[in-house]
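**Student:** Sequence and computational prediction follow.
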Amino acid sequence: MPAYTQHHRAEPTAIYCPHCFGQPLHIDTVEPVWSAARIDLIYACEDCGAEVCESVTRPRH
């Protein structure tokens, strides 16, 4: 393996509730979308019940 090859790790980012101002959200549902080669992550707030959706696509090499 060449020495100049970079290995990237996906670090999970903290997502906070837009209503509670600082309350971290937890992953509630993971929905694969096979036709678009992506995964939809749905985060939920434990306090107010707000949901935030984030789409993650597969990187192309």
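**Tutor:** Good, I have the coordinates. Owing to the predicted nature of the structure, the values given are computational and were not obtained by experimental measurement.

**Student:** hey, let's count contacts and neighbours off CA atoms from now on
**Tutor:** OK.

**Student:** show me where the protein has strands.
**Tutor:** Using DSSP state E, the strands found in the chain span residues 26-33, 38-44, 51-57.

**Student:** Determine how far the last residue of stretch 29-46 lies from the first.
**Tutor:** The first and last residues of stretch 29-46 sit 14 Å apart, counting by C-alpha to C-alpha, to the nearest Å.

**Student:** can you pull the buried residues of it?
**Tutor:** By 16 or more other C-alpha atoms under 10 Å, the buried positions in stretch 29-46 come out as 39, 41-45.

**Student:** Check stretch 45-61 too.
**Tutor:** Neighbour counts over stretch 45-61 (16+ other C-alpha under 10 Å) mark 45, 51-52 as buried.

**Student:** before we move on, the earlier item: and which of the buried residues of stretch 29-46 is nearest Thr29?
**Tutor:** Within the set of the buried residues of stretch 29-46, Ile42 lies nearest Thr29; the separation is 5.1 Å, counting by C-alpha to C-alpha.

**Student:** and the closest one, what does it touch?
**Tutor:** Contacts for Ile42 were tallied using C-alpha atoms under 8 Å, 6 or more residues apart in numbering; they are 27-30, 51-54.

**Student:** Okay, now the unreliable bits of this structure?
**Tutor:** Along the chain, the model assigns pLDDT under 70 to residues 1-12, 60-61.

**Student:** ok, 80 please
**Tutor:** Where the chain drops to pLDDT under 80, the residues are 1-13, 34-36, 58-61.

**Student:** if I look at the closest residue to Glu31 other than its chain neighbours, how far off is Ala14?
**Tutor:** Beyond its immediate neighbours in the sequence, the residue positioned closest to Glu31 (C-alpha to C-alpha, 6 or more residues apart in numbering) is Asp40, lying 5.1 Å away. Shown here: Asp40 relative to Ala14, a distance of 16 Å by C-alpha to C-alpha.

**Student:** what do you get for Gly49?
**Tutor:** For Gly49, the distance to Ala14 equals 17 Å [C-alpha to C-alpha].

**Student:** quick revisit: export the strands of the chain to JSON lines and tack on distance to His19?
**Tutor:** Conversion of the strands of the chain to JSON lines gives the following (distance: least, C-alpha to C-alpha, whole Å):
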{"stretch": "strand 26-33", "distance to His19": "15"}
{"stretch": "strand 38-44", "distance to His19": "11"}
{"stretch": "strand 51-57", "distance to His19": "10"}
